[in-house]
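S.K.: Fold the following for me, if possible:
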Amino acid sequence: MELRHLRYFIALSGSLNFTRAAERLHVTQSTLSHQIKQLEEEIGVALFDRIGKRVSLTDAGDEFLHYCTKALHEIDLGLGALRQDSSEVAGELRVGSTHTFNLGFIPDCIASFQARHPRVKVVVEELSADQIAARLQQGTLDLGIAYRPSVPGPLQFEPLYNEEMVLVVARKHPLARRKRVRMVELHRLPMVLLPASFATRQMLDECFRSCGAQPHVVAEINTLAPMMDLVAKTQLASIVAANVVNPLSGLVVIRLESPTPVRTPGMLWSPVARDAAATRAFSTIVRKLALRSSLQGAGPRVR
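M.R.: All right, here's what the predicted structure looks like:
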């Protein structure tokens, strides 16, 4: 089956007359008739009833027309997007991102995007995952870069990669020489973590419950930089993504196991906003840079 078979089928369905459909397609009537016959033979059902000079759709033809029209519409949109000059994409793109991604990933994405689409203004807001989800549903954001929500609701989520979380301590911490630490060993360990309202904290709490551990949370901070600063100045431990830790900070990063906490970063959007040209172009760059980051293993070396 080729695209021309589908286009011929739709043209004949619209006129129900071989002569008029052939004229519209700029082919001979015999060519059109032959192509329709090929299509019917390939799918194994009759699409048209032919009684004398009268032509009508069969029940199968009527059902096939619905799906065929949708398929060709999507193909035409795709071809149009490929042919579109990148300089023609213009307007404003509103992106919501959590703090982790704003540290380097989002600026890299914007730099690449602006080089290709200079007429698009990119507006980035640093928000919590819950705020991003709410704003997307309100229509005040076009795209979100965050971790997989526990309840995505009507939003669509596209995972980019899996991100292992690690234990972070100062060099003089009792665990600093360890290569691996089991989650159960963190029972009653003094720690600084994100507040309980964060999805990441909820995931960590679930990991603690699964192994019967209950850390001694002596501080909660809702931003990562001061959290890492506190770890460096005290005997407190924390759990973050490895790429959050500055390799020059002097902090020690240790793998966690049994279980290993894992987050899934990805893109969030509403189905309506996803079709916009600027959103599609930016999401393509996000995918490419996310793949590169995951392959390079961005972040400090894990012990």
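
S.K.: When you work out contacts or count neighbours from here on, use the C-alpha atoms and nothing else.
M.R.: OK.

S.K.: tell me which element the residue lying closest to residue 241 once chain neighbours are set aside is part of?
M.R.: Distance criterion C-alpha to C-alpha, 6 or more residues apart in numbering; nearest residue to residue 241, sequence neighbours excluded, is residue 165 at 4.4 Å. Residue 165 is part of strand 163-169 when elements are defined by DSSP states H and E.

S.K.: got it, and residue 122?
M.R.: In the assignment (DSSP H and E), residue 122 maps to strand 120-126.

S.K.: Could you list the residues in contact with the helix or strand just after that strand?
M.R.: Later in the chain than strand 120-126, the nearest helix or strand by DSSP H and E is helix 129-138. The contact list for helix 129-138 (C-alpha atoms under 8 Å, 6 or more residues apart in numbering) reads 96-98, 141-144, 146-147, 149, 152, 154-155, 198-199, 268-270.

S.K.: Now with 10 Å, please.
M.R.: Residues from elsewhere that reach helix 129-138 (C-alpha atoms under 10 Å, 6 or more residues apart in numbering): 94-99, 125-128, 140-155, 197-200, 268-271, 273.

S.K.: Show me these that map onto strands.
M.R.: With strands taken from DSSP state E, the overlap with these comprises 94-97, 125-126, 143-147, 268-269.

S.K.: Farthest pair within those residues?
M.R.: Greatest spatial distance in these: 94 and 147, 17.8 Å, computed using C-alpha to C-alpha.

S.K.: who's more crowded, these two?
M.R.: More neighbours surround residue 147 than the other of residue 94 and residue 147, with 26 against 18 (other C-alpha atoms under 10 Å).

S.K.: Next one: the more buried one from residue 200, what distance?
M.R.: 8 Å (C-alpha to C-alpha, to the nearest Å).

S.K.: Look up the residues that both of these two are in contact with.
M.R.: What both residue 147 and residue 200 touch, as defined by C-alpha under 10 Å, 6+ apart, is the set 129, 263.

S.K.: sorry, back to before: now, of the contacts of helix 129-138, which are buried?
M.R.: Neighbour-count burial (16 or more other C-alpha atoms under 10 Å) is assigned, among the contacts of helix 129-138, to 94-99, 126-128, 141-149, 155, 199-200, 268-270, 273.

S.K.: Regarding residue 178, what is its secondary structure?
M.R.: coil (DSSP: H, G, I helix; E, B strand; the rest coil).
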